[in-house]
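Asks: curious how this folds, go ahead:
(chains A and B)
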Amino acid sequence: MNKENLDNLRHSCAHLLAAAVLKLYPNAKPTVGPPIEEGFYYDFDFETPISENDLMKIDQKMRELVKKWVSVEKIEVSKNEALKKYKGNKYKQELINEFSEEGKQITFYKSGDFIDLCRGGHVENPSQEIKHFKLLSIAGAYWRGSEKNKMLTRIYGTAFKSKADLDNFLTMKEEAKKRDHKKLGKELDLFTFSDLVGSGLPLYTPKGALLRRLLTEYLEEIQSKEGYSQVWTPQLAKAELFKKSGHYDKFKDDMFIVKSHYSDEEMFLKPMNCPQHTQIYASKSRSYRDLPIRYTDFAMLYRDEQPGQLNGLARVRAFSQDDCHVFCREDQVNDEIDKMLMMTKKVMSTFGFKYRYRLSTRDPKHPEKYFGDLKTWDKVEKWAEKIMKRNNIDYFDGPGEATFYAPKMDLMATDALGREWQLSTVQIDFVQPARFELKFIDKDGKEKTPIMIHRAILGSSERLMMILIEHYSGAFPLWLAPVQVKIIPIAEKHNNFAQKIAKELKKNDIRTDVNEKSESMQKKIREAQLEKVYYMLVVGDREIDSGEINVRTRDGKTSSMTLDVFIKDTKENIAKRTNLS
RNA sequence: GCCGACUUAGCUCAGCGGUAGAGCAACGCUUUUGUAAAGCGUGGGUCGUCGGUUCAAAUCCGACAGUCGGCUCCA
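Replies: Below is the predicted model of the structure:
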């Protein structure tokens, strides 16, 4: 079934939803109800709010009404007829007036006894075709997506051509819920939050902190090979810095203000690293020979997000990025970005992410949002496009997604459940170097302004942790597994032997635990399984006698080998960062 | 910030006007086990916080905080 057909089905289903709602709540005002990626929604202005519990009732009404929906009839009406029909519904009237101004023919679509203002796009016989649908949730949504407007009540639902498709969709949703990083983060003891510390401020437990450190170390390893040097900058800076960069104007309300007892100077917790890095660059005079200069920084960043948008590790108020800034000459940009794209490719393959790029450009309707001159913007946007094409990169356009200082090449990674997340970004910035009056002395002895390339491969560590937890469902690959080996002595008398093996493994930098509790071996295995430990070594009389160890993997497979072979293989796999499961 | 829902033991949840309950976890004792839960026992909660209604509030009402599903925003 192609997308258009599916959209038609869902659009018709949205109409059916509206019909059911109006039967049950005659005073509710219907507004719009389009098909979307995963289904459809319909926005209503209810007189009294409804809740999720009411969905069942609406669902039943839909199933009842659809029986009589044997056709979809298109009715052309005049503007006045349309306005009359929607007397008292300012939302529909607003749409009707707009359509009329645009010179569009106004059309109604009728099924059963339900008529809706609509431009069309329906299935022919709803009673036959709308069979496999489900109402999913209720949410608030601003009229026409603007926070200045009234908040309406949105009902989300989905519909599919076959029961199998619907079931598959619902199973995927269940699976996503099971993998929810907030749930797994608690179960696997990776991070926590405290009301006393504050919302959106994650606290990493030893295992979570280890994971975070392993990710950072991996990036540091890759970056230092490519000539990046780590710098270190404070969490705090004067307002002046951010005024100069432009961030103050754009994001002042989203920055944490810090007060000094001794000065009236306005200070902020840093929400990003670029302005600080410009000041390291500017600390001495630079020759064209010094370029490119590549700085990396894993410092904590702070953004004062609105409470309603905080969400586990997905959206926090304290986070860090694998943030890099490359200062270079114009003739070096291509090489630098090619190198960045190569590094990114390598990292993505390590995690097993499929990906495509988004070319994030300016919003043509709002040129005022962007700093710097138009000509340069045009040049840089075209340049970015050329780079993608030259690298044979699969990309799509993202108008309006640029930052205020540069277009972006954003990498969208697809995880194990088929969901897309933005990870990497590369930005060619002419604006900030100019605002900070950065210079280098060129061959000809003249001062020139360098270009600043912003780049992150993983994006924020917290967000990446969330994505990886859900991508791997908490069963991390060997190199990331907080506990790589759990030794399970069968009885207390095997504890000493277990400790001896553990000592050997730890000596080889293999993260090992021994479960010495007075529990059944079966229970210890169960606990290790739930902890998603990579390898379990069950040790008992047999192992002591044979001199071979017994290895159980998370998927329940067991094998025997000498400890030396196990250590050698494990070390190799950790070093290669291979993902065996 | 906005709309809606939720907040009871470390965790998952029941109780929904007559001042608290289960399973798991923890702890103790017994058991010493061959690839996903051995048995018995013990401790643990001013029911998110602060107010209000009531003879009586975990339960009803309000404010605040936090969490979740969305919307808006995202350097």
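Asks: A:Met466 and RNA strand B, how far apart?
Replies: 10 Å (C-beta to the nearest atom of the strand, to the nearest Å). C-beta here means a position set from N, CA and C on the backbone, and glycine is covered the same way.
Asks: surely that residue is in a strand?
Replies: No - counting by DSSP: H, G, I helix; E, B strand; the rest coil, A:Met466 is not found in a strand; it is helix.
Asks: which residues in the stretch 401-550 of chain A form strands?
Replies: For the stretch 401-550 of chain A, the strands defined by DSSP state E, counting those that start in this stretch occupy A:408-414, A:420-429, A:440-441, A:447-448, A:451-460, A:485-489, A:512-514, A:535-539, A:549-553.
Asks: most packed of those strands?
Replies: strand A:485-489 (a mean of 25; mean count of other C-beta atoms under 10 Å).
Asks: each with direction, which strands does it pair with?
Replies: Its sheet considered, strand A:485-489 pairs with strand A:512-514 (parallel), strand A:535-539 (parallel) by DSSP bridges.
Asks: could you check the angle strand A:549-553 makes with it?
Replies: 120 degrees (axes from the mean of the first three to the mean of the last three C-alpha atoms, to 10 degrees).
Asks: sorry, back to before: let's have the strands of the stretch 401-550 of chain A in TSV, adding distance to RNA strand B and mean pLDDT.
Replies: Putting these into TSV (distance: least, C-beta to the nearest atom of the strand, whole Å; pLDDT from 0 to 100) gives the following:
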stretch	distance to RNA strand B	mean pLDDT
strand A:408-414	8	96
strand A:420-429	7	96
strand A:440-441	23	98
strand A:447-448	24	97
strand A:451-460	7	97
strand A:485-489	8	97
strand A:512-514	13	96
strand A:535-539	4	97
strand A:549-553	4	97
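Asks: partners of the closest residue to A:Val533 other than its chain neighbours in the sheet?
Replies: Distances taken as C-beta to C-beta, 6 or more residues apart in numbering place A:Lys486 nearest to A:Val533, at 4.3 Å, with adjacent residues excluded. For A:Lys486, the beta-bridge assignment (DSSP bridges) gives partners A:Asp513, A:Met536.
Asks: looking at it, A:Lys486 is touching A:Tyr535, isn't it?
Replies: Yes - look at A:Lys486 against A:Tyr535 with C-beta atoms under 8 Å: they come within range, at 7.3 Å.
Asks: how near is the closest residue to A:Lys178 other than its chain neighbours to A:Ile387?
Replies: In this structure, A:Lys178 finds its nearest non-sequential neighbour in A:Ser473, 7.4 Å apart by C-beta to C-beta, 6+ apart. A:Ser473 is 35 Å from A:Ile387, where distance means C-beta to C-beta, to the nearest Å.
Asks: with A:Arg362 instead?
Replies: 17 Å.
Asks: contacting residues for the residue nearest to the spatial centre of chain A?
Replies: Closest residue to the average C-alpha location of chain A: A:Trp421 at 3.9 Å, with C-alpha atoms, centre = their mean. Residues near A:Trp421 by C-beta atoms under 8 Å, 6 or more residues apart in numbering: A:412-413, A:415, A:463, A:467.
Asks: from those residues, which two are the most distant?
Replies: A:Met412 and A:Arg463 (13.2 Å; C-beta to C-beta).
Asks: look up how far A:Met561 lies from the closest residue to A:Ala528 other than its chain neighbours.
Replies: The shortest distance from A:Ala528 to any non-neighbouring residue, by C-beta to C-beta, 6+ apart, is to A:Lys486 (4.3 Å). Per C-beta to C-beta, A:Lys486 is found 17 Å from A:Met561.
Asks: now swap in A:Lys177 and tell me
Replies: For A:Lys177, the distance to A:Met561 - C-beta to C-beta - is 38 Å.
Asks: so these two - more neighbours on which side?
Replies: Ranked by neighbour count (other C-beta atoms under 10 Å), A:Lys177 and A:Met561 place A:Met561 first, with 14 against 9.
Asks: pretty sure that one is touching A:Glu548, no?
Replies: Yes - here A:Met561 reaches A:Glu548: they are 6.1 Å apart, a contact under C-beta under 8 Å.
Asks: in contact with A:Pro30, which residues?
Replies: A:18, A:21-22, A:42-44, A:89, A:91-92, A:116.
Asks: just those residues: which are in strands?
Replies: Among those, the members falling in strands are A:42-44, A:116 (criterion: DSSP state E).
Asks: ok, A:Thr578 - how many residues close by?
Replies: Counted with other C-beta under 10 Å, residues neighbouring A:Thr578 total 12.
Asks: how about the secondary structure of it?
Replies: Judged by three-state DSSP, the three-state class of A:Thr578 is coil.
Asks: and the gap between it and A:Leu478?
Replies: Applying C-beta to C-beta, the value for A:Thr578 to A:Leu478 is 7 Å.
Asks: what's the answer for A:Leu203, then?
Replies: 26 Å.
Asks: so those two - more neighbours on which side?
Replies: A:Leu478 (22 against 11).
Asks: distance from the chain centre to stretch A:45-55, please.
Replies: The chain centre lies 30 Å from the centre of stretch A:45-55; the measure is C-alpha atoms, centre = their mean, to the nearest Å.
Asks: what's that stretch in contact with?
Replies: Stretch A:45-55 has contacts (C-beta under 8 Å, 6+ apart) with A:24-25, A:27-29, A:31, A:91, A:135, A:137-138, A:143, A:150, A:152-153, A:155.
Asks: top of these by neighbour count?
Replies: Most surrounded of these: other C-beta under 10 Å gives A:Ile155, at 26 neighbours.
Asks: does that one sit in a helix, a strand or a coil?
Replies: Once three-state DSSP is applied, A:Ile155 turns out strand.
Asks: so what's it up against?
Replies: A:Ile155 neighbours (C-beta under 8 Å, 6+ apart): A:17, A:21, A:41-42, A:44, A:55, A:58, A:135, A:137-138.
Asks: of the residues you listed, closest to A:Asp373?
Replies: A:Tyr41 (41.0 Å).
Asks: on that earlier part again, out of the strands paired with strand A:485-489, which gets nearest to A:Thr344?
Replies: Minimum separation from A:Thr344 across the strands paired with strand A:485-489 (C-beta to C-beta) falls at strand A:535-539, 30.8 Å.
Asks: residues near the residue in the stretch 251-400 of chain A positioned nearest to RNA strand B, how many?
Replies: With C-beta to the nearest atom of the strand as the measure, A:Gly308 is the residue of the stretch 251-400 of chain A nearest to RNA strand B, at 2.3 Å. Residues lying near A:Gly308 (other C-beta under 10 Å) number 7.
Asks: let me see the contact set for it.
Replies: Listed by C-beta under 8 Å, 6+ apart, the contact set of A:Gly308 is empty.
Asks: looks to me like it is in a helix.
Replies: Yes - A:Gly308: assigned to a helix according to three-state DSSP.
Asks: give me the below-cutoff pLDDT ranges for the stretch 251-400 of chain A.
Replies: Applying pLDDT under 70 to the stretch 251-400 of chain A flags no residue at all.
Asks: what does it put close to RNA strand B?
Replies: Taking C-beta under 7 Å from any atom of the strand as the criterion, the stretch 251-400 of chain A approaches RNA strand B at residues A:251, A:254-255, A:271-272, A:274, A:303, A:305-312, A:315.
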